[in-house]
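Participant: based on what follows, work out the 3D shape:
(chains A and B)
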There are 2 protein chains.
Amino acid sequence: MRTKALTTLEELRRAVEPALDAALPPDAAWPATIHRAVRYSLFAGGKRIRPVLSLAAGEAAGGPRDEVLPLACAVEMIHTYSLIHDDLPAMDDDDLRRGKPTSHKVFGEGIAILAGDALLTRAFHLLSEMPPEWDETRLRRRVRALALLGEACGTTGLIGGQVEDLESEGQTIDAAALECLHRAKTGALLSACVRGGAILGGASETDLASLTRYAAAIGLAFQVVDDVLDATEDADTLGKTAGKDRTTGKATYVSLHGLDRAREMAASLGNEALDALAPLGSRGQRLAEIARLIVDRDS
Amino acid sequence: MRTKALTTLEELRRAVEPALDAALPPDAAWPATIHRAVRYSLFAGGKRIRPVLSLAAGEAAGGPRDEVLPLACAVEMIHTYSLIHDDLPAMDDDDLRRGKPTSHKVFGEGIAILAGDALLTRAFHLLSEMPPEWDETRLRRRVRALALLGEACGTTGLIGGQVEDLESEGQTIDAAALECLHRAKTGALLSACVRGGAILGGASETDLASLTRYAAAIGLAFQVVDDVLDATEDADTLGKTAGKDRTTGKATYVSLHGLDRAREMAASLGNEALDALAPLGSRGQRLAEIARLIVDRDS
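Facilitator: Down below sits the predicted model:
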């Protein structure tokens, strides 16, 4: 099972890398520093879970891959921008990400802030590039995916979650507040990956409803597993500082529910994701593999 | 002349304020801190030159104002995001903006970075909100304006200019490099305001070409006047730290060409802008008033 899931992931990821490369100016383009910084973080060995989810959702909807690739690139750019900004000294103050020094450690804080800004800007710009010869259906699908992504990245999504995360540090928050935080911080973007990919693939509203349930489950599962890994793995495996949640006194699924219950929650959310895919039949197979991978991963 | 220009500016600006207010969640919406921070900077007494330019360009093209208002809001959000990030300690390190403490002084660096991110995100999100009942022409115009804005804010525009600005501090740069920097840092967004407004207003390609020339001239004029003001006005009038360029050894139009020549350049660029408007006849009147105001302003 594990090997098959990795194969799916590899195949879809292989489609993402050249598209990401083509979506950005080369290293040496003016002004060179910012393009070096942007590429440093974007090609730092990320797992590409978000773009792979978009591509798999597009395929589940029956659409051609090329239709979804710009969204796949955009969500990875947005994920990378959020990591660069979250790692800054004024936020989580992390020196290590994916086993390499963080952007501000290499390029300084000013360029790191601008590299994040550049990735966020390019993500929306890339999706707004719709040639005049596109027909109306294509145009409308892209516009819908763009609006959905914009909402997911805003103050009720990605940014709101980071604000809450910043403000809850060292404070006692309950299970409901923690779920609310993570539905915003991790869940909103993951959901936009799946729903946006499905829309670009031409999904029916019925399929879209199933995929929305799937996305909500894997979004939360992703975060629960993150917390379990932070509590149990070492830095070498994670590629980032381990045990950080505990030392900073941050509320996590593990600190609130204990390790065993957190593991049970992850497994149960994984099953919920698989249930949601049932109406799609074999079209949901790759998404099912990704759900299993999210729950079973060790980094 | 001055009074009439102010009146135009006031009338268009009055249309922007409620639209900006409506485009953002209220202060108290979850998570409250970020919405307070966003509104603090967005309603800090900005001159609204960019949205006013968009509205005037849309009217010059003959389109209804409502069609241009979302762009007018988006460009002001983007301008404000760029100020918040530029003022950060890791960038220009400014404590004062528009006569008030800068965002990071009030909310801390973490929230200031996120407030900038939130404004940038909301700008693109706002423009991507296109109701399904819109006809194809309307849709295509909005998409074109969105792509144009995305490019103007990227690494060859706004962000590229800020990178160069950051890297040129304390270094000797020549007149050509300075112009290149400002065409990116100030010019690209001002040009997108004018061109985007014109496109949303349904401008012909001929009008658009005239307005593009107009935008290039006022973009540069704007920066030359900024440098003149920094060298001659006090902080009370400017609402920000004065004489900063000189004390930080930054290259400006005044340091490279002297005060008299810089003033001549500003006047000449103002005339170039008026020339570019000639083919539009009376439709270009408001844009002409704005050009005069940019050259004659004292803050």
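
Participant: can you say which helix or strand has the most centrally placed residue in chain A in it?
Facilitator: Centre of chain A computed as the mean C-alpha position; nearest residue by CA atoms, centre = their mean is A:Arg50, 4.3 Å away. Applying DSSP states H and E as the criterion places A:Arg50 in helix A:49-60.

Participant: tell me the first helix or strand C-terminal of that helix.
Facilitator: The C-terminal neighbour of helix A:49-60 among helices and strands, as given by DSSP H and E, is helix A:69-86.

Participant: what lies in contact with the one helix or strand A:His182 maps to?
Facilitator: Secondary structure assigned from DSSP H and E places A:His182 in helix A:175-182. Contacts to helix A:175-182, defined as CB atoms under 8 Å, 6 or more residues apart in numbering or on different chains, come from residues A:161, A:164-165, A:168, A:173, A:219-220, A:223, A:251-253, A:256-257. In short, each C-beta sits where N, CA and C put it, glycine included.

Participant: so which of those also contact chain B?
Facilitator: By CB under 8 Å from any CB of the partner chain, the members of the contacts of helix A:175-182 lying near chain B are A:Glu164.

Participant: which one of the contacts of helix A:175-182 is nearest to chain B?
Facilitator: Distance to chain B across the contacts of helix A:175-182 (CB to the nearest CB) is lowest for A:Glu164, with 5.3 Å.

Participant: burial count for that closest one?
Facilitator: 22 (other CB atoms under 10 Å in any protein chain shown).

Participant: quick one, grab the pLDDT at the closest residue to A:Leu149 other than its chain neighbours.
Facilitator: Leaving aside its chain neighbours, A:Leu149 sits nearest to A:Ala192 (4.9 Å; criterion: CB to CB, 6 or more residues apart in numbering or on different chains). For A:Ala192, the model assigns a pLDDT of 98.

Participant: residue contacts, A:Ala192?
Facilitator: Going by CB under 8 Å, 6+ apart, A:Ala192 touches A:Val75, A:Leu148, A:Leu149, A:Glu151, A:Ala152, A:Cys153, A:Gly157.

Participant: and what of A:Ala61?
Facilitator: A:Gly197, A:Ala198, A:Ile199, A:Leu200, A:Gly201, A:Gly202, A:Ala203, A:Ser204, A:Asp207, A:Arg283.

Participant: again, but for A:Ser210
Facilitator: Contacts of A:Ser210 (CB under 8 Å, 6+ apart): A:Ala276, A:Leu277, A:Ala278, A:Pro279, A:Leu280, A:Gly284.

Participant: give me phi/psi at the fifth one?
Facilitator: When you say that, I think you mean A:Leu280. The phi/psi pair for A:Leu280 (degrees, to the nearest 10) reads phi -80, psi -10.

Participant: how close does it get to chain B?
Facilitator: Distance of A:Leu280 to chain B, given as CB to the nearest CB, to the nearest Å: 25 Å.

Participant: just to revisit the earlier point, tabulate the contacts of helix A:175-182 in CSV, adding columns for pLDDT and secondary structure.
Facilitator: Output for the contacts of helix A:175-182, formatted as CSV (pLDDT from 0 to 100; DSSP: H, G, I helix; E, B strand; the rest coil):
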residue, pLDDT, secondary structure
A:Gly161, 94, helix
A:Glu164, 92, helix
A:Asp165, 89, helix
A:Ser168, 85, helix
A:Ile173, 86, coil
A:Gly219, 95, helix
A:Leu220, 94, helix
A:Gln223, 92, helix
A:Ala251, 82, coil
A:Thr252, 88, coil
A:Tyr253, 92, helix
A:Leu256, 91, helix
A:His257, 93, helix
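
Participant: hmm, back to that, kindly export whichever strand or helix holds the residue nearest to A:Leu149 (C-alpha atoms) in PDB.
Facilitator: Here A:Ala192, judged by DSSP H and E, is contained in helix A:188-200. Extracted in PDB, the C-alpha atoms of helix A:188-200 (Å, rounded to 0.1, in the frame of the first residue of the first chain):
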ATOM      1  CA  ALA A 188      -8.600  26.200   4.300                       C
ATOM      2  CA  LEU A 189      -5.700  25.900   1.800                       C
ATOM      3  CA  LEU A 190      -5.900  22.100   1.600                       C
ATOM      4  CA  SER A 191      -9.600  22.400   0.900                       C
ATOM      5  CA  ALA A 192      -9.000  25.000  -1.800                       C
ATOM      6  CA  CYS A 193      -6.400  22.600  -3.400                       C
ATOM      7  CA  VAL A 194      -9.000  19.900  -3.700                       C
ATOM      8  CA  ARG A 195     -12.000  22.000  -4.500                       C
ATOM      9  CA  GLY A 196     -10.200  24.200  -6.900                       C
ATOM     10  CA  GLY A 197      -8.700  21.200  -8.700                       C
ATOM     11  CA  ALA A 198     -12.100  19.600  -9.000                       C
ATOM     12  CA  ILE A 199     -13.700  22.800 -10.400                       C
ATOM     13  CA  LEU A 200     -10.900  23.200 -13.000                       C
END
